[in-house]
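Visitor: Structure for the following, please:
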Amino acid sequence: MNSRYVSRTLAAATTALLVLAGATACGDGGGQPAGADPDRIDVVAGFYPLQFVAERVGGDAVTVTNLARPGAEPHDLELNPGQVGQLSQAELVIFLDGFQPAVDTAVEQNAKDRAFDVATVQPLLDAAAGGHDHDHSGEDDHGHEDEKGHEDEKHEDEKKAAEEGGGAKDPHVWLDPTRLATIGEKLAERLGQLDSGRAADFTARAQQLRTELEKLDTEFTEGLKTCQRREIVVSHTAFGYLTQRYQLEQIGITGLTPENEPSPQRLAEVTEEAREHQATTIFFETLVSPKVAETIAREVGAKTAVLDPLEGLSAENGGDYLSVMRTNLQTLRTALGCS
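Guide: You can find the predicted model right below:
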């Protein structure tokens, strides 16, 4: 009986009641229950891009459970007891601090010593990176009757921006393929500490993943090098890493939290900017309603199209990280008039 199996058994005993309480929900996260295979490292991932990296780097030496259901918005994930049990028993939990508050809390309470926070791999960008006017001004429904009221709203929006972005930081790090490659390499090191006999395999797979992600990076660089426009109007400001990497500029209808409703003032500002930059496309995403994007598109005579922030997979995007990113590239090339 190997040491990992013994550790897992002890962890299971401490969470037995919790797991029993959520037994019927154990499959909700989209993966196998933690502890299903004693010959594999049990990994829990907070959402899809982390699942993708864990599966590619871990290969057949890991069993990966994704806490976020396909088609669900991961920002506002609420964990059921079975998922907390999975997290408590996992040998490694991969998460991004500040992106999923419920996961952050569960990690702090149940898996702090077994957690890999990808936000610590490289410094995160400020929430304002890759665009302008990202202080979330106008994203509330408060009135603008006088200057004091406007200032109160601005301060409230700045507070909200800090809360959403984990201290005004943009968590969408995976939209820069080169940063995701670095996360993969650090993950390989962590997996190697858990299973030293397979450390070389983890390193090799991380290098293979880097090769693929650098190829994707080159495709984006070349594909977006010569375009008629460089501004993208997006439903929420998730694309700072992508726009900074490829010298684009994002104009966000809402801030880092996609469910926020923009005020009439913010809608008017974005509409004006879309006209100014002669935008032909207003982007929405698969996990969020397209209604606001459609409203602006009608105002400026533009089309709408999906630009996927890849926070999760859905029936609409399908494929995997690499295929969805390549679809994003083609969508951007069409919208920006790239040659």
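Visitor: Can you tell me what sits against whichever strand or helix holds residue 214?
Guide: Taking DSSP states H and E as the definition, residue 214 sits inside helix 199-223. The contact list for helix 199-223 (Cβ atoms under 8 Å, 6 or more residues apart in numbering) reads 53, 56-59, 61, 177-178, 180-181, 184-185, 187-189, 191-193, 195, 242, 245-246, 322, 325-326, 329, 332-333, 338. Every residue, glycine included, has its C-beta placed from N, CA and C.
Visitor: Mind listing what's buried along that helix?
Guide: For helix 199-223, the neighbour count (16 or more other Cβ atoms under 10 Å) marks 201-203, 205-206, 209-210, 213, 216-217, 220, 223 as buried.
Visitor: related to what we said a few turns ago, list only buried entries from the contacts of helix 199-223.
Guide: By 16+ other Cβ under 10 Å, the contacts of helix 199-223 give 53, 56-59, 61, 177, 180-181, 184-185, 187-188, 191-192, 195, 242, 245-246, 322, 325, 329, 332, 338 as buried.
Visitor: so of those, which ones are in strands?
Guide: Using DSSP state E, no member of the buried ones among the contacts of helix 199-223 falls in strands.
Visitor: Now, those residues that are in helices?
Guide: 53, 56-58, 177, 180-181, 184-185, 187-188, 191-192, 242, 245, 322, 325, 329, 332 (DSSP state H).
Visitor: Report the secondary structure state of residue 304.
Guide: Under DSSP: H, G, I helix; E, B strand; the rest coil, residue 304 falls in the strand class.
Visitor: Check it and give its pLDDT.
Guide: At residue 304, the model reports a pLDDT of 96.
Visitor: distance of it from residue 238?
Guide: Per Cβ to Cβ, to the nearest Å, residue 304 is found 16 Å from residue 238.
Visitor: quick one, which of these two is more surrounded?
Guide: Neighbour comparison, residue 304 and residue 238: the larger count goes to residue 238, with 27 against 17 (by other Cβ atoms under 10 Å).
Visitor: Okay, helices next: where are they in the stretch 1-150 of the chain?
Guide: Secondary structure of the stretch 1-150 of the chain by DSSP state H, counting those that start in this stretch: the helices cover 3-14, 16-21, 48-58, 81-89, 101-110, 147-164.
Visitor: which SSE is the nearest residue to residue 309 once chain neighbours are set aside in?
Guide: In space, and not counting its chain neighbours, residue 309 is closest to residue 238: 3.9 Å by Cβ to Cβ, 6 or more residues apart in numbering. Residue 238 belongs to no helix or strand when assigned by DSSP H and E.
Visitor: so how far is residue 77 from residue 310?
Guide: Residue 310 sits 16 Å away from residue 77, going by Cβ to Cβ.
Visitor: Over to residue 84?
Guide: Look at residue 84 and residue 77: by Cβ to Cβ, they are 12 Å apart.
Visitor: and for these two, which residues touch both?
Guide: Contacts common to residue 84 and residue 77, judged by Cβ under 8 Å, 6+ apart, are absent.
Visitor: for the protein, what are the low-confidence residue spans?
Guide: Within the chain, the segments meeting pLDDT under 70 span 1-36, 129-167, 258-259, 315, 317.
Visitor: quick revisit: would you confirm that the residue nearest to residue 309 contacts residue 173?
Guide: No - at 10.8 Å, residue 238 and residue 173 do not qualify as touching, with contact defined as Cβ atoms under 8 Å.
Visitor: who touches the residue nearest to residue 309 in this structure?
Guide: Neighbouring residues of residue 238 by Cβ under 8 Å, 6+ apart: 170, 172, 175, 256, 258, 285, 309, 311.
Visitor: could you redo the last one with a cut-off of 10 Å?
Guide: Contacts for residue 238 (Cβ atoms under 10 Å, 6 or more residues apart in numbering) come out as 130, 170-172, 175, 250, 252, 254-258, 285, 288, 307-311.
Visitor: do residue 188 as well
Guide: 53, 57-58, 198-207, 209.
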